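In: Structure, please.
(one chain, ligands or ions: 1)
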Amino acid sequence: MPLHRLTKLTVAVPDVAGSTDFYRDFGLDHLGAGRFATADGGEQLELVARPRRGLVELGLGCDDPDDLDRIAANLTGADHAFQRTPEAVVTTDEGSGVRVRVTISPRYDQTPPDEPRVNAPGADRRRDERAPGSMRAGQVRPRRLGHVVVGSVDTARSEHLFIDLLGFQVSDTVRHVGKFVRCSTDHHNLMVAAAPARFLHHTSWQVDDVDEVGRGAAHMVTQDRTRHVWGLGRHNVGGNFFWYLRDPAGNFAEYYSDLDIITERLRWDALEWRGRSSQCAWAPPPPRDFHLPDDVAELMMRGEG
Ligand SMILES: [Fe+2]
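Out: Sure thing, here's the model as predicted:
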């Protein structure tokens, strides 16, 4: 496929200063003016002031100008409006209201963390040594942006753009909700969920391991208890450990580790999950408004979806 990664998100918040504190505490590197970098991905988040929260732009990376030409040809063939510049193809998903910007971007080259030595019954791999996860200090630093989940009022339209025209591949489907799709070897980089209103559900950020998920979230919640949304848990769709937090605007941000990786499409058994069974393998109960946050329900009631 022409694409190989997410590059950068532009997220709308009513109060950039307040949300800047949140993402700084989250461990992103503040570059100034609401722009943030990850350890391995460079600039990957920009906050912009808007009355209503949401995802303004989704950045996708491809290898070379030929990839941009291929995507432009697909969009032309489907009569899907777009702009082409020497550096980018820009189009819009009407279902989610998200602008999509495809640019030429370097692929990730990540240095793995030290191999974990985990003790288990009958397998004392770590001997005469304290657990490294118990000894870590310093702030958690997300390695890179992993995925984003948005609500769409027309999932067929969204899926047509992302799957048929941009080349995302389906990893798993949740019946009556939507498809988890990837543009890299990550199990998912995007989920467009059927919703009564267009909204940003969550952004998700990769950390080294479950200790970093827990350390990061513990730090966030210690600063402000109202940030806690749902965690610690392990999803079954994607397989990752997770902990979700809420930024001051109401957008969720997830720390994740140990996501399933798909390198050979034919060896991956894509499943259709149903209802609650797809939510997680284990976790505390999610909050009542996890899937449709209250502010989105209010927008819907006001007919502003
Ligand atoms: Fe997620």
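
In: From L190, how far out is S204?
Out: Going from S204 to L190 by CB to CB, to the nearest Å gives 10 Å. C-beta coordinates here come from the backbone N, C-alpha and C atoms, glycine included.

In: ignore the last one, A156
Out: In terms of CB to CB, A156 sits 15 Å off from L190.

In: Also D63?
Out: The value you get for D63 to L190, if CB to CB is used, is 19 Å.

In: Kindly report the same for Q139.
Out: For Q139, the distance to L190 - CB to CB - is 28 Å.

In: which of the two has more neighbours?
Out: L190 (25 against 11; other CB atoms under 10 Å).

In: Grab the nearest non-local neighbour of the more buried one.
Out: V181 (5.3 Å; CB to CB, 6 or more residues apart in numbering).

In: So what sits opposite the one you found in the bridge?
Out: V170, L190 (DSSP bridges).

In: bridging residues for the residue in the stretch 101-250 of the chain that the ion sits nearest to?
Out: Taking CB to the ion as the measure, the stretch 101-250 of the chain has S204 as its residue closest to the ion, at 4.1 Å. With DSSP bridges applied, S204 shows beta-bridge pairing to H147, E254.

In: Show the backbone phi and psi for the residue nearest to F162 when sequence neighbours are not counted.
Out: The shortest distance from F162 to any non-neighbouring residue, by CB to CB, 6+ apart, is to F168 (4.5 Å). Dihedral pair for F168: phi -60, psi 150, per degrees, to the nearest 10.

In: got the contact list for F168?
Out: M1, L3, F162, V181, R182, C183, N189, L190 (CB atoms under 8 Å, 6 or more residues apart in numbering).

In: Now for the nearest residue to S277 once chain neighbours are set aside, how many residues are close by?
Out: Nearest residue to S277, sequence neighbours excluded (CB to CB, 6+ apart): N236, at 7.6 Å. As a burial measure, N236 scores 17 neighbours (other CB under 10 Å).

In: again with V177
Out: 18.

In: Would you enumerate the residues in contact with it?
Out: A193, A194, S278.

In: Any stretches of the stretch 1-150 of the chain with poor pLDDT?
Out: Judged against pLDDT under 70, the low-scoring parts of the stretch 1-150 of the chain cover residues 1.

In: Now with 90, please.
Out: For the stretch 1-150 of the chain, applying pLDDT under 90 flags the ranges 1-2, 114-117.

In: quick one, strands of it?
Out: Remark: strands assigned in the stretch 1-150 of the chain by DSSP state E, counting those that start in this stretch are 3-13, 29-32, 35-38, 42-49, 54-62, 82-84, 88-93, 98-104, 144-152.
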